[in-house]
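Asker: show me the folded form of this:
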Amino acid sequence: MRKLVNQFFVWLCVFFFSSVAYASNNPLPVKFGDPYVLLASDGRYYMYGTGAGAVDGFCAYSSPDLVNWKAEGQVFRGNIPGSWGVANFWAPEVYELNGKFYMLYSADWKVNPTNEQENFRIGVAVADKPTGPFRELSSEPLFDPGYPVIDGNLVVDEKGRMFLYYSRCCYKHPVESEIAAQAKKEGKFDSIEESWIYGIEVKPDLTDVIGEPVLLLRPPVKLNDKQSEWESRSVTSGEVNRRWTEGPFTFRKGDTYYMMYSANFFGGKNYAVGYATSKNPLGPFTKAANNPVLEKNVEKGGIVTGTGHNSITWSKDGKQMYCVYHGRTQATGDERVVFIDKMGVDKNGILYVEGPTTAK
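Answerer: All right, here's what the predicted structure looks like:
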């Protein structure tokens, strides 16, 4: 009996102190952009992201508790004979399906007859283990919508259908709006390019898409739109002539789909996260009144800027949600590093993130 009591006490201490350490552990010693965390069936967490020294591909980290992370090395490499992707490997997400692990990722497509500067598409790789090695499912991207796309994300509806969300790049996509007109009037920029988020159904084996893409989210058109101020900061500050709507991460709670997304220049201090909701996986989505739910805190005495491109993971008992995202601090400079903060959805359906936090 004493042994069982001692074991329970040890478990309780580990749980308590892990929670405390976790809350004061930001930023993590992981130099990822676009971080994604999978809680696999083996009971461990696996993190994937952009950068961290990977060559034409992606590295991974593993953890038993979201606090202590072990480098697993490079788990996927493209730009090899037979690859469709040749450069700029970004934003991996990994899903455990039917005993396999499927990675969605963005890269420059080698088929580029007009020599476009941005020729991104989304592809799929598969592995038997979360640490790879991942091999390309096809010698071609998942689909070609006719414009550059990045940041693939999957959700499954209540009927078991699978949907892909992605961001159309800003590249060669100038959009008229009151914000663009104001920027031109003020002499900031002659035109404003935008990225938009689309959704499309995909086959269960991730070999093809079904139907046509549906536009789900875009930056505000009107100056008096309540979302306009925070989603236009990169333009109104004169930083760059682009407005982003990218990095979608979607989950279902009850009968509602929550899509988190990032806005503003991904390389700047104004990068921030909002969300929108819908009763249908292909919309229409309505942006939340409490946006942004995650943003820089330097004006409030903090040290974090550039918070964005998040994913979500859960505690092992499924009770606590965590927001995983990248950001920058005064100490890390331009280097993107990973943060993990608690988040949730309250009884009124309002999504919130308890961050950004940093170690004291």
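Asker: so the residue lying closest to Lys226 once chain neighbours are set aside versus Ala263, what's the distance?
Answerer: Nearest residue to Lys226 in three dimensions, chain neighbours excluded: Ala289, at 6.8 Å (C-beta to C-beta, 6 or more residues apart in numbering). To be clear about C-beta, it is placed using only N, CA and C from the backbone, and glycine gets the same treatment. From Ala289 across to Ala263, the span is 16 Å (C-beta to C-beta, to the nearest Å).
Asker: those two: which is more packed in?
Answerer: Ala263 (29 against 8; other C-beta atoms under 10 Å).
Asker: test my guess that Ile210 contacts Pro204.
Answerer: No: using C-beta atoms under 8 Å as the test, Ile210 is too far from Pro204 to be in contact (10.0 Å).
Asker: compute the first-to-last residue distance for stretch 67-86.
Answerer: Its start and end residues considered, stretch 67-86 measures 34 Å (C-alpha to C-alpha, to the nearest Å).
Asker: residue ranges for the helices of the stretch 201-350 of the chain, please.
Answerer: Applying DSSP state H, counting those that start in this stretch to the stretch 201-350 of the chain gives helices spanning 228-231, 233-236.
Asker: which regions of the protein sit below the pLDDT cut-off?
Answerer: Along the chain, the parts satisfying pLDDT under 70 run over 1-24, 360.
Asker: contacting residues around Ala91?
Answerer: Contact analysis of Ala91 by C-beta atoms under 8 Å, 6 or more residues apart in numbering lists Asp34, Tyr36, Thr50, Tyr105, Ser106, Ile150, Asp151, Gly152, Gly247, His309.
Asker: okay, those residues in TSV with distance to Ile303 next?
Answerer: Output for the contacts of Ala91, formatted as TSV (distance: C-beta to C-beta, whole Å):
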residue	distance to Ile303
Asp34	21
Tyr36	24
Thr50	22
Tyr105	31
Ser106	30
Ile150	28
Asp151	27
Gly152	32
Gly247	22
His309	19
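Asker: OK, contacts around Glu231?
Answerer: By C-beta under 8 Å, 6+ apart, the contact set of Glu231 is Pro219, Pro220, Arg243, Thr245, Ala263, Asn264, Gly274.
Asker: could you measure from it over to Glu158?
Answerer: Glu231 sits 30 Å away from Glu158 when distances are taken as C-beta to C-beta.
Asker: Ser232 too?
Answerer: Taking C-beta to C-beta, one finds Ser232 at 36 Å from Glu158.
Asker: one more: Ile150?
Answerer: Computed as C-beta to C-beta, the Ile150 to Glu158 distance reads 28 Å.
Asker: now do Gly327
Answerer: Distance from Gly327 to Glu158, counting by C-beta to C-beta: 34 Å.
Asker: which one of these two has more residues nearby?
Answerer: Between Gly327 and Glu158, counted using other C-beta under 10 Å, the more crowded position is Gly327 (29 against 8).
Asker: beta-bridge partners for the more buried one, please?
Answerer: Beta-bridge pairing for Gly327 (DSSP bridges): Val337.
Asker: ok, it touching Pro27?
Answerer: Yes: with contact defined as C-beta under 8 Å, Gly327 reaches Pro27; the gap is 6.8 Å.
Asker: the helix or strand harbouring Tyr36 packs against which elements?
Answerer: For Tyr36, the host element (DSSP states H and E) is strand 32-39. For strand 32-39, the packing partners by 3 or more C-beta pairs under 8 Å, 6 or more residues apart in numbering; DSSP states H and E come out as strand 45-51, strand 85-97, strand 304-314, strand 321-329, strand 337-345.
Asker: give me that answer again for 7 Å
Answerer: Using 3 or more C-beta pairs under 7 Å, 6 or more residues apart in numbering; DSSP states H and E, the elements in contact with strand 32-39 are strand 45-51, strand 85-97, strand 304-314, strand 321-329.
Asker: that one pairs with which strands?
Answerer: Strand 32-39 is paired, per DSSP bridges, with strand 45-51 (antiparallel).
Asker: start to end distance for stretch 185-197?
Answerer: For stretch 185-197, the first-to-last residue distance is 28 Å (C-alpha to C-alpha).
Asker: tell me the buried residues in it?
Answerer: For stretch 185-197, a neighbour-count test (16 or more other C-beta atoms under 10 Å) marks Lys188, Phe189, Ile192, Glu193, Glu194, Ser195, Trp196, Ile197 as buried.
Asker: thought the last one was touching Leu217?
Answerer: Yes: the pair Ile197 and Leu217 passes the contact test of C-beta atoms under 7 Å, sitting 4.2 Å apart.
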